[in-house]
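Colleague: I would like to see how this sequence folds:
(chains A and B)
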Amino acid sequence: MKAAVIVFPGSNCDRDLAVALEKAGADVEMVWHKDTALPKGVDLVAVPGGFSFGDYLRCGAIAANSPICGELKAHVARGGYALGICNGFQVLTETGLLPGALRRNAGLKYICRPVELEVVAADTAYTSGYQAGQVITVPIAHHDGNYYVDDAKLAELQGEGRIAFTYVDNPNGSVADIAGVVSRNRRVLGMMPHPERMAEPSHGGTDGKAMFASLMSQMALA
Amino acid sequence: MKARVQVMLKNGVLDPQGEAVRHALGALGFDGVEGVRQGKVIELDLAEGTSEATVTEMCEKLLANTVIESYTIELG
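Modeller: Model prediction:
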């Protein structure tokens, strides 16, 4: 699998994400936000966590309008895979590649701690290494992770089985406890928790590792 | 010319910051504050003759996230 990790000014999980992908066996290239082309033959574009452009205006809003995001949209339109974690999820909603928006946490506090997630949809390239209903522990670290969709969109997400992860104990006020969603073609995943920070024993747990392993095995089949 | 864009969370979208301000006002002894909504104001310095349609496009493309926010434009 060939993966590109986008780096914006203010990204801070880009290297962690690259390491997690590399350890799963991916060939990873870093891409700068001003670049106007993705590396040839890229299967997965990964948008990392952090505080792109200082979270100015809205989290992810400036990044979503950077030159590389035009390429990201074209990649997804071609049926390519894209993964957005934390700020990356905010960027994917701001580009319109995923529905909804991330609001300020209901408790107004920045929250940084491990949380339990339930794997709701195990039938995606990202989650096939988990069982539906499985509970995993992965850290969150965000101030604006309170997921919002209106009732009609929520019904659509539920009907199409597009809620990938929910919080067992909702930390931020997200609608329907949603922690991560996939696109209609199930190739774009956005999530607030950080699986790349729970991918090897020295992280204190390895519950995130299966996501990267799942991706590798799916890409091998493709 | 100047334009003033006011961006607010849409009605029905919970505004946790507004709620915190409402509680703080109550704690200061201001009774009867039934609701607080917090938004932002963006002032634009524009070339003369810039149309309202252009400012609307700016709002749609960047200044507001219309999934959760509404906006109003004042030209002047």
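
Colleague: make it CA atoms for all contacts and neighbour counts henceforth
Modeller: OK.

Colleague: Spit out the contact partners of A:D177.
Modeller: A:166-170 (CA atoms under 8 Å, 6 or more residues apart in numbering or on different chains).

Colleague: any idea how far chain B is from it?
Modeller: Distance of A:D177 to chain B, computed by CA to the nearest CA, to the nearest Å: 15 Å.

Colleague: ok, back up a step: neighbour-wise, which of the contacts of A:D177 leads?
Modeller: A:T166 (24 neighbours; other CA atoms under 10 Å in any protein chain shown).

Colleague: Residues in contact with stretch A:192-204: which ones?
Modeller: Outside stretch A:192-204, the residues within contact range by CA under 8 Å, 6+ apart are A:16-17, A:20, A:85-87, A:89, A:138-142, A:145, A:179-180, A:205-209, A:211.

Colleague: now it: mean pLDDT?
Modeller: The pLDDT scores in stretch A:192-204 average 97.

Colleague: Could I get the CA-only coordinates of that stretch as CSV?
Modeller: The C-alpha trace of stretch A:192-204 is given here as CSV (Å, rounded to 0.1, in the frame of the first residue of the first chain):
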residue,chain,number,x,y,z
MET,A,192,-11.7,12.1,16.5
PRO,A,193,-9.8,9.4,18.5
HIS,A,194,-6.2,8.6,17.7
PRO,A,195,-5.5,5.0,16.8
GLU,A,196,-2.0,5.9,15.8
ARG,A,197,-1.3,6.7,19.4
MET,A,198,-2.3,3.3,20.5
ALA,A,199,-0.5,1.1,18.0
GLU,A,200,2.5,-0.4,19.8
PRO,A,201,3.1,-1.7,23.4
SER,A,202,5.2,1.4,24.4
HIS,A,203,2.1,3.5,23.8
GLY,A,204,0.4,1.7,26.6
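
Colleague: Report the secondary structure state of the closest residue to chain B within chain A.
Modeller: Residue of chain A nearest chain B, by CA to the nearest CA: A:A106 (5.4 Å). Assigned with DSSP: H, G, I helix; E, B strand; the rest coil, A:A106 falls in the coil class.

Colleague: Just checking: what are the partner strands of the helix or strand hosting A:V45?
Modeller: Element membership for A:V45, per DSSP states H and E: strand A:44-47. Sheet pairing of strand A:44-47 (DSSP bridges) gives strand A:2-7 (parallel), strand A:81-85 (parallel).

Colleague: Can you add mean pLDDT and give those back as JSON lines?
Modeller: Supplementary listing: the strands paired with strand A:44-47 in JSON lines, determined by pLDDT from 0 to 100:
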{"stretch": "strand A:2-7", "mean pLDDT": "98"}
{"stretch": "strand A:81-85", "mean pLDDT": "98"}
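
Colleague: mind putting those in a markdown table, mean neighbour count and distance to A:M219 included?
Modeller: Formatted as a markdown table, the strands paired with strand A:44-47 follow (neighbours: other CA atoms under 10 Å in any protein chain shown; distance: least, CA to CA, whole Å):
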| stretch | mean neighbour count | distance to A:M219 |
| --- | --- | --- |
| strand A:2-7 | 24 | 9 |
| strand A:81-85 | 24 | 10 |
